[in-house]
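**Student:** structure of the sequence below:
(one chain, ligands or ions: 1)
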Amino acid sequence: MVLHELGAKINEAFRKLSKESDIDEKVLDAILKDICTALLTSDVNVMRVRELRDNVKKSVNIEELGATANKKRVIEKVVFEELCNLVDPGVQAWQPKKGKFNVIMTVGLQGSGKTTTCTKLASFYHRKGWKIGLVCADTFRAGAFDQLKQNATKAHIPYYGSYNEADPVQIAREGVEKFKQEKFEIVIVDTSGRHKQESQLFDEMTQISNSIDPDNVIFVMDGTIGQSAEAQATAFKDAVNVGSVVLTKMDGHAKGGGAISAVAATKSPIIFIGTGEHVHDIEKFSARPFISKMLGMGDIAGLVDAVKDLRIEDNKDLMQNLSKGIFTLKDLRDQLEMIMKLGSLNKIAGMIPGLPQDALKGMDSEAGTKQLKQFMCIFDSMTEKGK
Ligand SMILES: Nc1nc2c(ncn2[C@@H]2O[C@H](COP(=O)(O)OP(=O)(O)OP(=O)(O)O)[C@@H](O)[C@H]2O)c(=O)[nH]1
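**Tutor:** Presented below is the predicted three-dimensional model:
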């Protein structure tokens with residue numbers, strides 16, 4: 001799970017509180033020291049950590065609380081709120097609008113995960129019932145169009161790109177126009193990256209942005225870059241009108257706290273985090289459920305949302321069988337396929353409240369997924385042979 005180690009360390013600090021018979025200023029300072037050390041180890045910016053510490057100290061007045069108050073609960077609640085503030089810039093995230101043609105453009109450094117994220121986002125909105133298309137305006141990296149084409153085909157998403165046209169502005173314009181004419185609801189334009197923040201990249205981004213006039217510019221940032229996240233996010237925000245952020249490669253990365261907290265400081269909300277290379281390895285981001293999951297408190301609303309996306313009711317055969325009390329081997333296969341669409345077992349487990357952190361740590365979700373895939377292959381080969 002994302003930042004699992006950080007969550008475990010904060011929980012450990014909370015556990016120490018439970019062992020204290022009398023919580024005084026000294027105990028509070030010791031707990032805060034543990035929490036701040038954990039945040040710094042996860043690469044959270046030192047200024048943000050200091051702010052968090054000062055805010056908790058301001059909000060919790062041990063002497064005023066009196067002897068009868070549940071001081072542990074008060075401290076936990078204040079720390080929880082401050083952790084939420086750390087990752088929440090307090091800005092409403094952009095949402096696509098129904099009945100309108102919504103244009104999204106992605107920007108970011110080379111290898112940050114833009115192309116992968118474009119398909120993940122397209123697949124996410126596709127599952128929610130939006131008519132969505134992808135445009136590859138990356139003419140800088142050879143093979144970029146092939147990569148997008150391959151990903152889009154796998155995810156059943158219509159795409160546009162060109163092997164001949166060298167001008168990314170032209171391709172972006174043509175792609176957006178094509179999907180607009182075809183009455184699509186959302187189009188996502190993938191742009192090229194460079195290995196560092198340089199004027200050529202920013203010029204190209206500005207030209208594309210001016211040409212297609214996106215409703216939302218998404219900055220895709222590699223979540224493993226730690227403390228340098230703030231400078232990078234600010235540079236992109238200053239160059240184009242970045243509206244939101246997607247952090248990639250957050251799959252269990254211990255240093256992810258840097259990107260998460262630094263991005264919030266740039267006042268662009270994180271809307272999704274990438275948690276793997278697979279198309280379904282993307283999680284909607286909002287501060288409270290994220291912190292709640294990190295601390296092992298689960299995210300029931302997120303779990304309900306993910307199950308809703310599976311559209312179980314669309315599988316007419318399964319629904320009919322279930323209503324008659326029949327459950328065939330094919331029904332089992334269909335159900336397992338649906339479970340796999342929810343993402344890794346770790347991700348699902350993280351949404352269940354109260355699951356011990358250790359249980360998540362021991363879970364080999366790769367092996368579990370492999371076994372499910374093997375079962376489906378065996379089943380498919382059996383049915384192909386008419387057995
Ligand atoms: N583990 C993990 N890997 C990811 C994630 N997102 C992307 N990647 C991997 O990161 C690598 C780079 O991803 P791309 O999507 O090609 O990056 P890009 O930003 O489009 O690259 P350029 O087009 O060269 O700028 C690929 O190997 C992806 O599979 C993620 O959330 N987790």
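**Student:** near the ligand, which residues of the stretch 201-350 of the chain?
**Tutor:** In this structure, the stretch 201-350 of the chain approaches the ligand at residues Thr248, Lys249, Asp251, Gly274, Thr275, Gly276, Glu277, Asp281, judged by Cβ under 6 Å from any ligand atom. (C-beta placed from N, C-alpha, C; glycine too.)
**Student:** and with 8 Å instead?
**Tutor:** Neighbours of the ligand within the stretch 201-350 of the chain, by Cβ under 8 Å from any ligand atom: 220, 222-223, 248-251, 273-277, 281-282.
**Student:** and the residues you listed, which of them are in strands?
**Tutor:** Val220, Asp222, Thr248, Ile273, Gly274, Ile282 (DSSP state E).
**Student:** would JSON lines of those with distance to Val60 be doable?
**Tutor:** Shown next, in JSON lines, are these (distance: Cβ to Cβ, whole Å):
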{"residue": "Val220", "distance to Val60": "38"}
{"residue": "Asp222", "distance to Val60": "36"}
{"residue": "Thr248", "distance to Val60": "36"}
{"residue": "Ile273", "distance to Val60": "30"}
{"residue": "Gly274", "distance to Val60": "36"}
{"residue": "Ile282", "distance to Val60": "36"}
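**Student:** these: which two are farthest apart?
**Tutor:** In those, the most distant members under the criterion Cβ to Cβ are Asp222 and Ile282, with 14.8 Å between them.
**Student:** from the centroid of this protein, which residue is nearest?
**Tutor:** What sits nearest the mean C-alpha location of the chain, by Cα atoms, centre = their mean, is Ile273, with 1.8 Å.
**Student:** report the buried members of the residues of the stretch 201-350 of the chain next to the ligand.
**Tutor:** By the neighbour-count criterion of 16 or more other Cβ atoms under 10 Å, these include these buried positions: 220, 222-223, 248-251, 273-276, 281-282.
**Student:** and stretch 130-145, C-alpha only, in PDB?
**Tutor:** Listed next in PDB are the C-alpha coordinates belonging to stretch 130-145 (Å, rounded to 0.1, in the frame of the first residue of the first chain):
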ATOM      1  CA  TRP A 130     -17.700   8.500 -20.600                       C
ATOM      2  CA  LYS A 131     -17.100   8.500 -24.400                       C
ATOM      3  CA  ILE A 132     -13.400   9.100 -24.400                       C
ATOM      4  CA  GLY A 133     -10.500   9.300 -26.900                       C
ATOM      5  CA  LEU A 134      -6.700   9.600 -26.800                       C
ATOM      6  CA  VAL A 135      -4.400  11.700 -28.900                       C
ATOM      7  CA  CYS A 136      -0.600  11.100 -29.100                       C
ATOM      8  CA  ALA A 137       1.100  14.500 -29.700                       C
ATOM      9  CA  ASP A 138       4.500  13.100 -28.700                       C
ATOM     10  CA  THR A 139       6.700  13.300 -31.800                       C
ATOM     11  CA  PHE A 140       9.900  13.600 -29.700                       C
ATOM     12  CA  ARG A 141      10.300  10.000 -28.600                       C
ATOM     13  CA  ALA A 142      10.400   7.400 -31.300                       C
ATOM     14  CA  GLY A 143       7.900   4.700 -30.500                       C
ATOM     15  CA  ALA A 144       5.600   7.000 -28.400                       C
ATOM     16  CA  PHE A 145       2.700   6.600 -30.800                       C
END
